[in-house]
Structure formats: C-alpha cells, structure tokens
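[1] Structure, please.
(one chain, ligands or ions: 1)
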Amino acid sequence: MIEIIDIQKRYGNQVALSIKKLEINKNELVGLVGNNGAGKTTLLSLILDLIAPTSGFVTSKSVKVSDTDAWKSYTGSFLNEGFLIPFLNPVEYLSFIGRLHGINETDVLGFLEENKLFFDINVFSEKYIRELSAGNKNKVGILASILSKPEFLILDEPFSNLDPSSQSWLKSKLKDLSKEGVTVIISSHDLKHVTEICSRILLLEEGRIVKDANTSNETLIELEKYFEI
Ligand SMILES: Nc1ncnc2c1ncn2[C@@H]1O[C@H](COP(=O)(O)OP(=O)(O)OP(=O)(O)O)[C@@H](O)[C@H]1O
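    The predicted structure follows:
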C-alpha cells in the first residue's frame, strides 16, 4: 500500500500539490486525471522519490520512500524519456534494466517475444533509443517498467503517442496486470481509456484532489462535464 501523508510541494509561492491523506491500496488500478499543471506528474514523482516534498511524506508498505531503497525492487515506473538511455538500442537497455533485477538476457528476450505485438524488437534492433519515434520510446519505457513483474506500477501518460492498436494492447495489459494483483497508478488525459480500465479515479485541480471515487457507469459523463467536453 502507498500512503501520502500531509504532502505539500511548493515552488516558491506556488502550491503544485497539497494532499492531506491519500491511500492507494493493493490491487487498485488508479487513474489520475486533471488539466495541464494540475499536479499529476508531481504526485507520481513524489511517490517515486524523484522530487522531495516541501512537507509531509510518502510511504510504500509503511516505509518512507525517502528513507530506503527497499521499494525500488518491487516498483516499476516510467514517467518520461529521462528514464531511458539514449545511446543504447532497445535490447541493450532492457537487458541493462533486467540485470538490475537479476533477470538474464535469455529471459529478457523471452519477455520481448511475449510482448512483440506491442513492440517488435526485430524491427528496431539496429536503432539506438535516441533514434526511435516518441511512441516507440514510450513503448520501450513501458516494457522496461513491467519487465521485472513489479507489485506497484506507476506510469505517467502511458497512452501518449501510441497508435490505436498499441493503446488497445496496453489497456488489456494493464487490466491483466491488475487482475494478477499488481497495483497500478497511471495518469492520462484520455478520459475514455481511464474510465474503461481504472477501478478508481482521482481528479486533481490546482494541486488538490477534488474527486476520488470508484469508477462507475456515470464516471465518464461526470468527467466530460467537468472538462466541458
Ligand atoms: N521544477 C519546477 N519548477 C517550478 N514549477 C514546477 C516545476 N515542476 C512543476 N511545476 C509546477 O507544478 C505544477 C504541477 O505540475 P505537474 O507537472 O505536476 O502537472 P501535470 O498535472 O502533470 O500537468 P500536465 O498534464 O501538463 O503534464 C504546475 O503549475 C507546474 O508549472
């Protein structure tokens, strides 16, 4: 379980995020939505200890994420291109990530074979990551985040730049992972995708959670009303 306790993240006078208490429970598939600048990436970055809170703290399985590396072995994540290594090709990068988790190259290649409908490594074996399109970079990052079969999976706008069939593949994958017991948190601007797959939706507005509810048949309509679309 992830707990956010009395968190504030300020940049100067601006409050980027302010959350009194938030619990993400095992097996939840949580969708973060909100306008540009609402605080979604800030929340995910705080959970991953990529930025320090101005006050408050985050725990993973009751341990502060800023105090230990223990959570890193069971947490997969991909927030942005900065997670990738541009001068490696995709197999080299995924093998590197595999080694960090004690996964050998044969198993990495087996994993890529299993997921080739999402990203066909044979097509991109000659390319460095820096030479891939935005969507294909996103796919490499997503695959790296799930390679080690994490218990927690955190993805920032995972559907961005993906073609329609890859979006569909990813929705099924996230649903399957959730069924297998993985706790998933994703942010997205695609209301249809999040309401289709997520069990719980958090709506952020100017750094605050203004809605936190289990997904129902009405959620999409409510969100479309909120976003005036
Ligand atoms: N390094 C920084 N310095 C100053 N302000 C920042 C910094 N990082 C984020 N912010 C501010 O914090 C607020 C929240 O940003 P954040 O990136 O979390 O929003 P978001 O909901 O992920 O937006 P988007 O949908 O555009 O990705 C914004 O007002 C942003 O300008």
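
[2] Now the element after the helix or strand bottoming out on mean pLDDT in the chain, going C-ward?
    The weakest-scoring helix or strand in the chain, judged by mean pLDDT, DSSP states H and E, is helix 121-124 (a mean of 80). Tracing the chain past helix 121-124, the next element assigned as helix or strand by DSSP states H and E is helix 134-146.

[3] which other residues reach stretch 61-79?
    For stretch 61-79, the external contacting residues (Cβ atoms under 8 Å, 6 or more residues apart in numbering) are 1, 3, 41, 44-45, 47-50, 52, 57-60, 83, 101, 138, 141-142, 144-148, 150-156, 158. Every residue, glycine included, has its C-beta placed from N, CA and C.

[4] Looking at strand pairing, list the partners for residue 15.
    Counting by DSSP bridges, residue 15 is bridged to residue 10.

[5] Could you check how many residues crowd around it?
    Using other Cβ atoms under 10 Å, the number of residues around residue 15 comes to 15.

[6] the inter-axis angle of the helix ranked longest in the chain versus helix 134-146?
    Criterion DSSP state H: the longest helix present in the chain is helix 164-179. Helix 164-179 runs at 10 degrees relative to helix 134-146, counting by axes from the mean of the first three to the mean of the last three Cα atoms, to 10 degrees.

[7] Report the buried members of the contacts of stretch 61-79.
    3, 41, 44-45, 47-49, 57-60, 83, 138, 141-142, 144-148, 150-156, 158 (16 or more other Cβ atoms under 10 Å).

[8] Show me the helices in the protein, by range?
    Using DSSP H, helices in the chain cover 40-47, 90-100, 105-114, 121-124, 134-146, 164-179, 191-197, 219-226.

[9] Apart from its chain neighbours, what residue comes closest to residue 108?
    Residue nearest to residue 108 in three dimensions, not counting chain neighbours: residue 98, with 4.3 Å by Cβ to Cβ, 6 or more residues apart in numbering.

[10] From the ligand, how far out is that neighbour?
    For residue 98, the distance to the ligand equals 29 Å [Cβ to the nearest ligand atom, to the nearest Å].

[11] what's around that residue, how many residues?
    When neighbours are counted by other Cβ under 10 Å, residue 98 comes out with 21.

[12] go on, residue 185?
    Residues near residue 185, counting by other Cβ under 10 Å, number 24.

[13] circling back: report the entries of the contacts of stretch 61-79 that also contact the ligand.
    residue 41 (Cβ under 6 Å from any ligand atom).

[14] and the residue most central in space within the chain, what is it in contact with?
    Taking Cα atoms, centre = their mean, the centroid of the chain lies closest to residue 155, which sits 1.1 Å from it. Residue 155 sits next to 77, 78, 79, 142, 145, 184, 185, 186, 187 when contact means Cβ under 8 Å, 6+ apart.
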